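**Q** my questions concern the predicted model and sequence given below.
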Amino acid sequence: MKLNKMMLVSMLLLAILTLGAVSAQEDSSADVLAVDSASSHVLGDGISYDKTIYVNTTGDDSNTGSQNSPYATINKGISSVNASDNAVIYLSKGTFTGDNNTDLSISLAHEKYGGSLTIIGQGNDKTFIDGESVSSFLKSVSGDTALTLINISFINGKASTGSMINCGGNLTVDNCVFENNYATGSQGAIVSKGMDLKVTNSVFKNNKASNQGPDICFNNNKGNVYIDNSSFYNATNTGYSCGASVYIANSKNAKITGNTFKDIVGNYNDAALQISSGNGQIMNNVFINCTNSNTDTSNWAQYGVIYLTGNNILKQNL
């Protein structure tokens, strides 16, 4: 009898352990960042996606775009999205370059149909979009598009305006790197003329433009700008105009908080950060070795760090 009881207890314990193992496996599966595009899911940031697409440097555009059958190019992923989709495109590790990965256009009527598009890399040290010094990434984004970019490095972009991104829609950038990009005409690595621009946790390094913000240029008096916890290094303005790193020409509200600007050299009337109109809050930023090389101030003002007009609040900047 005792033996039977011991066997029964052992069997119960084994059953409990087996259920626990199955539960742990299910929990582990739930932690996977992305699931098949047939199901809707919610990521940690609270955004619910109802369409999921995968793009891999080793994929094929004749595939289905699923995790096990990824596309090869970013453009194929974008073209698979509808304006009503809250879609996410996951990019693999590696470098995306050339046709159908650069000089792309996005025109999705998200504002009308309630959709959005998010593109997520494997990390800004793992997923790269390379313009090879001849191309940008997005040459145009329509005004009714809602676009988010996460965990990607954008390198070696080149264009007349917007060396990497020229956006007319709502744009959010998080944990991205913009490095060695050149706007030959004007306006920097990101040009935003849409309603809102949000840049967080990102790095801008060694970008240059002929004028108007080699790193970021924003121009929409109905839009809002939010730049937080980002770093700007060694920006170069080769001309004689506005914003040696970040230039906000027109905005409704601009909030610039917790950023670092280092080794920014301005020319003539530009500064590391320039806000020309609207309501600005510039708080808890650090400016290191930001200077102005202009020696002729007869017709142009000389600024090294911050140039502001409009209604602005400055607080605890170093």
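**A** Yep, that arrived.

**Q** what's the local residue count around the closest residue to S251 other than its chain neighbours?
**A** By the measure of CB to CB, 6 or more residues apart in numbering, the closest residue to S251 outside its immediate chain neighbours is G278, 4.1 Å from it. Glycine gets a C-beta too; all of them are placed from N, C-alpha and C. Close neighbours of G278, defined as other CB atoms under 10 Å, add up to 23.

**Q** now swap in the one 10 residues further on and tell me
**A** Neighbouring residues of I288 were enumerated by other CB under 10 Å; the total is 13.

**Q** okay, and the beta partners of it?
**A** K262 (DSSP bridges).

**Q** in this structure it contacts N259, no?
**A** No - assessed by CB atoms under 8 Å, I288 is found out of contact with N259, at 11.4 Å.

**Q** overlap of the contact sets of these two?
**A** Residues touching both I288 and N259 by CB atoms under 8 Å, 6 or more residues apart in numbering: none at all.

**Q** test of understanding: give the bridge partners of D130.
**A** T97, I155.

**Q** contacts only, for it.
**A** Here D130 is in contact with 95-97, 102, 155-156 (CB under 8 Å, 6+ apart).

**Q** could you rerun that using 6 Å?
**A** 95, 97, 155-156 (CB atoms under 6 Å, 6 or more residues apart in numbering).

**Q** for burial, what's the neighbour tally of the nearest residue to D85 once chain neighbours are set aside?
**A** Distances taken as CB to CB, 6+ apart place K51 nearest to D85, at 4.4 Å, with adjacent residues excluded. Residues lying near K51 (other CB under 10 Å) number 20.

**Q** I figured K51 was touching N86, is that so?
**A** No - K51 is beyond contact range of N86, at 7.1 Å (criterion: CB atoms under 6 Å).

**Q** got a winner among the contacts of D130 for most neighbours?
**A** I155 (22 neighbours).

**Q** so that one sits against E179, correct?
**A** Yes - between I155 and E179 there is a contact under CB under 6 Å: 5.0 Å.

**Q** can you give me the neighbour number for the residue nearest to D125 when sequence neighbours are not counted?
**A** Counting by CB to CB, 6+ apart, the nearest residue to D125 once its immediate chain neighbours are dropped is S153, at 7.1 Å. Neighbour count for S153, taken as other CB under 10 Å: 19.

**Q** list the contacts for S153?
**A** 124, 128, 177.

**Q** likewise Q187?
**A** Q187 neighbours (CB under 6 Å, 6+ apart): 161-162, 212, 217.

**Q** rerun that using 7 Å as the cut-off
**A** Counting by CB atoms under 7 Å, 6 or more residues apart in numbering, Q187 touches 161-162, 209, 212-213, 217.

**Q** among the residues you listed, which ones are in strands?
**A** The strands in this structure, assigned by DSSP state E, contain 161, 209, 217 from these.
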